[in-house]
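Undergrad: Sequence first, then the predicted structure, then my questions.
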Amino acid sequence: MSYRTDEVAYVQPAAAASGQTSQARSTAQYRALDAAHHIHPFSDMGTLNRAGSRVITKAKGVYLWDSDGNKIIDGMAGLWCVNVGYGRKELADAAYQQLQELPFYNTFFKTTHPPVIELSALLAEVTPAAFNHFFYCNSGSEGNDTVLRIAHRFWGAQGKSSKKYVISRKNGYHGSTIAGGTLGGMGYMHEQMPSKVEHIVHIDQPYFFGEAEGNLTPEEFALARAQQLEAKILELGAENVAAFIGEPFQGAGGVIFPASTYWPEIQRICRKYDILLVADEVIGGFGRTGEWFAHQHFGFEPDLMTLAKGLTSGYVPMGAVALHDRVAKVIIENGEFNHGLTYSGHPVAAAVAVANLKLLRDEKIVERVKTDTGPYFQNLLRETFSNHPIIGEIAGAGLVAGLQLAEDPKARKRFANGGDVGTICRDYCFNGNLIMRATGDRMLLSPPLVITRGEIDEIVSKAKKAIDATAQKLGLS
Ligand SMILES: *Cc1c(COP(=O)(O)O)cnc(C)c1O
């Protein structure tokens with residue numbers, strides 16, 4: 001459900017006059033050309049082309065402008081990635097200077113360059129102490145492909161090449177390459193993938209509101225879901241299992257935060273059976289929860305981390321895998337690792353990433369999320385929606401949140417046609433010039449980390465209007 005077309009289906013509101021720079025074409029011309037030649041990701045192009053895409057032409061801070069001059073507040077930081085907000089000159093300057101100095105050189109054949117060296121040293125500084133080595137790619141999907149390659153190499157180099165299986169979770173999201181899509185647990189993607197990567201299996205997700213039965217507490221339920229990992233390892237044989245991968249909190253799957261019992265149990269099981277623990281930090285990384293990395297929020301220590309999105313705040317594409325010292329040692333000391341991408345460690349992307357990490361560090365943006373804007377946002381959401389007639393759960397920490405729409409919140413009863421309700425609500429948001437995403441019947445927020453209290457007020461009041469309108473339309477207000 002999460003990335004589908006209806007997400008951008010759009011009814012044109014009256015154009016606002018302000019904020020518009022000159023542009024080459026009219027909105028109608030842009031739409032016609034877009035419909036004629038552009039196939040969008042995760043979209044039903046027939047429906048989208050008939051409705052017309054919203055054309056985003058510029059952005060500043062936490063605001064976007066469309067081609068009709070409407071000013072829109074971006075509650076999703078683009079696609080969970082624009083952590084430092086739009087329009088930071090430091091990042092633009094870093095790219096421009098690097099493009100002039102050395103626009104490209106590879107890192108394959110005994111060569112390296114200053115930007116990738118600076119970035120690696122800086123990542124070693126901002127990641128937990130045991131992470132000191134980084135492998136680069138261009139996206140989160142490629143990061144997870146790389147995770148598979150590293151995990152298999154790690155065991156193969158130690159004479160344990162039977163350890164092939166990677167265990168992942170239903171409704172997890174790990175990207176859309178063949179490996180990323182197979183690792184993810186999105187049924188609607190698997191349906192269109194007759195060929196998947198071998199040796200990948202899934203266990204259930206720790207989604208309390210939607211899937212807990214009986215009188216289990218959230219803690220008991222999360223523990224039971226974590227213990228499915230142990231059962232799956234025993235079924236496959238630990239000698240056949242390479243790794244477990246999970247997002248510390250599920251992002252695209254609906255901002256699902258597991259109870260505090262979940263990750264310690266997952267970690268215990270991985271250690272007991274000698275299985276690599278991989279945290280996909282593509283959304284959680286670089287400050288989202290108020291910690292630099294989301295696994296720190298949940299209190300566990302992964303062996304590998306997948307990084308992308310907030311690594312460059314989305315200004316240019318870049319992904320990476322962070323290797324714990326105990327994994328790096330094996331990869332480094334056992335001869336050639338036969339994996340690489342032309343743009344691994346691309347100098348322009350690396351220069352932008354360095355500028356981005358320096359902003360996050362030197363402007364204490366992550367600390368501000370932890371001590372100020374994060375708690376403010378979470379409290380305001382709870383004050384606003386705790387007793388709302390169609391909100392069943394408010395999940396999140398720092399500057400990420402998932403609001404569960406529910407027919408009967410107290411009875412944990414979801415809407416029978418869950419996704420439709422999310423779409424209704426999402427359309428109200430869109431028409432109110434708030435970008436808020438719907439995954440099925442969960443409404444998601446993940447604004448730029450530089451957002452102010454005043455801008456948080458604006459997002460939450462616009463979200464309330466949209467959710468109130470949804471309740472009213474359903475006759476549940
Ligand atoms: C977005 C995302 C990915 C995929 O990243 P791309 O850059 O789109 O390939 C992987 N994992 C998680 C958790 C993500 O949110």
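TA: Perfect, I can see it now.
Undergrad: quick one: secondary structure of the residue nearest to the spatial centre of the chain?
TA: In the chain, the residue lying closest to the centroid (Cα atoms, centre = their mean) is residue 283, at 3.1 Å. The three-state label given to residue 283 by DSSP: H, G, I helix; E, B strand; the rest coil is coil.
Undergrad: got it, and residue 396?
TA: strand.
Undergrad: Next up, the contacts around the residue nearest to the centre of the chain.
TA: Residues in contact with residue 283 (Cβ atoms under 8 Å, 6 or more residues apart in numbering) are 80, 247, 249, 251-252, 294, 309-310, 400, 446. Every C-beta, even on glycine, is put in place using the N, C-alpha and C of the backbone.
Undergrad: Could you do residue 446 as well?
TA: 75-77, 80, 251, 255, 283, 288, 399-401.
Undergrad: Residue 48 is in contact with residue 40, correct?
TA: Yes - between residue 40 and residue 48 there is a contact under Cβ atoms under 8 Å: 6.3 Å.
Undergrad: and the residue of the stretch 101-250 of the chain nearest the ligand?
TA: residue 140 (2.2 Å; Cβ to the nearest ligand atom).
Undergrad: do the same with the stretch 201-350 of the chain
TA: For the stretch 201-350 of the chain, Cβ to the nearest ligand atom, closest residue to the ligand: residue 282, 3.5 Å.
Undergrad: ok, back up a step: within reach of the ligand, which of the contacts of residue 283 are there?
TA: 247, 251-252 (Cβ under 6 Å from any ligand atom).
Undergrad: Identify the residues contacting residue 356.
TA: If you count contacts by Cβ under 8 Å, 6+ apart, then residue 356 has 83-84, 88, 91, 310-313, 315 around it.
Undergrad: would you turn these into TSV with neighbour count?
TA: Below are the contacts of residue 356 laid out as TSV (neighbours: other Cβ atoms under 10 Å):
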residue	neighbour count
83	29
84	28
88	21
91	24
310	27
311	30
312	31
313	28
315	22
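Undergrad: from those residues, which two are the most distant?
TA: Using Cβ to Cβ, the pair of these lying farthest apart is 88 and 311, separated by 14.5 Å.
Undergrad: Make sure the residue of the stretch 101-250 of the chain closest to the ligand is actually in contact with residue 319.
TA: Yes - counting by Cβ under 8 Å, residue 140 touches residue 319, with 5.4 Å between them.
Undergrad: the more surrounded of the two?
TA: Per other Cβ atoms under 10 Å, whichever of residue 140 and residue 319 has more neighbours is residue 140, with 30 against 27.
Undergrad: Tell me, how many residues neighbour residue 37?
TA: 7.
Undergrad: Could you do residue 326 as well?
TA: Residue 326: 11 neighbours (other Cβ under 10 Å).
Undergrad: what's the answer for residue 423, then?
TA: Residue 423, neighbours per other Cβ under 10 Å, totals 20.
Undergrad: can you check residue 97 too?
TA: 13.
Undergrad: can you pull the contacts of it?
TA: Counted by Cβ under 8 Å, 6+ apart, residue 97 has contacts residue 351.
Undergrad: just to revisit the earlier point, is it possible to get JSON lines of the contacts of residue 283 that adds secondary structure and pLDDT?
TA: JSON lines is the format used below for the contacts of residue 283 (DSSP: H, G, I helix; E, B strand; the rest coil; pLDDT from 0 to 100):
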{"residue": "80", "secondary structure": "helix", "pLDDT": "98"}
{"residue": "247", "secondary structure": "coil", "pLDDT": "98"}
{"residue": "249", "secondary structure": "coil", "pLDDT": "98"}
{"residue": "251", "secondary structure": "coil", "pLDDT": "98"}
{"residue": "252", "secondary structure": "coil", "pLDDT": "98"}
{"residue": "294", "secondary structure": "helix", "pLDDT": "98"}
{"residue": "309", "secondary structure": "helix", "pLDDT": "98"}
{"residue": "310", "secondary structure": "helix", "pLDDT": "98"}
{"residue": "400", "secondary structure": "strand", "pLDDT": "98"}
{"residue": "446", "secondary structure": "coil", "pLDDT": "98"}
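Undergrad: What residues are recorded as beta-bridge partners of residue 396?
TA: Counting by DSSP bridges, residue 396 forms beta bridges with residue 401.
Undergrad: Distance check, whichever residue of the stretch 351-477 of the chain sits closest to the ligand against residue 353.
TA: The minimum distance from the stretch 351-477 of the chain to the ligand, using Cβ to the nearest ligand atom, falls at residue 446 (10.0 Å). When distance is defined by Cβ to Cβ, to the nearest Å, residue 446 is 20 Å away from residue 353.
Undergrad: same question, residue 324
TA: Distance of residue 324 to residue 353, given as Cβ to Cβ: 20 Å.
Undergrad: What's the first helix or strand after the lowest-mean-pLDDT helix or strand in the chain?
TA: Least confident helix or strand of the chain, by mean pLDDT, DSSP states H and E, is helix 418-431 with a mean of 93. Using DSSP states H and E, the helix or strand that follows helix 418-431 in sequence is strand 434-435.
Undergrad: Surely residue 142 touches residue 320?
TA: No - contact criterion Cβ under 8 Å: residue 142 and residue 320 do not qualify, at 9.6 Å.
Undergrad: Specify which residue of the two has the higher count of neighbours.
TA: Using other Cβ under 10 Å as the criterion, residue 142 and residue 320 rank with residue 320 on top: 29 against 25.
Undergrad: Name all residues that make contact with residue 366.
TA: By Cβ under 8 Å, 6+ apart, the neighbours of residue 366 are 286-287, 290-292, 360, 449.
Undergrad: now do 7 Å
TA: Taking Cβ atoms under 7 Å, 6 or more residues apart in numbering, we find residue 366 in contact with 287, 290, 292, 360.
Undergrad: neighbours of residue 130, just the number please.
TA: Residue 130: 15 surrounding residues under other Cβ under 10 Å.
Undergrad: That one and residue 295, how far apart?
TA: Residue 130 sits 12 Å away from residue 295, going by Cβ to Cβ.
Undergrad: Over to residue 213?
TA: 28 Å.
Undergrad: Just want to know which of those two has more residues nearby.
TA: When residue 213 and residue 295 are compared on other Cβ under 10 Å, the one with more neighbours turns out to be residue 295, at 25 against 7.
Undergrad: how about the nearest residue to the more buried one, chain neighbours excluded?
TA: Leaving aside its chain neighbours, residue 295 sits nearest to residue 279 (4.5 Å; criterion: Cβ to Cβ, 6 or more residues apart in numbering).
Undergrad: The strand or helix carrying that neighbour - contacts with which helices or strands?
TA: Assigned by DSSP H and E, residue 279 belongs to strand 276-280. Using 3 or more Cβ pairs under 7 Å, 6 or more residues apart in numbering; DSSP states H and E, the elements in contact with strand 276-280 are helix 140-156, strand 241-246, helix 262-272, strand 304-307.
Undergrad: what about the closest residue to residue 252 other than its chain neighbours, which SS state?
TA: In space, and not counting its chain neighbours, residue 252 is closest to residue 173: 3.8 Å by Cβ to Cβ, 6+ apart. Taken by three-state DSSP, the conformation at residue 173 corresponds to coil.
Undergrad: Sweet, I'm off.
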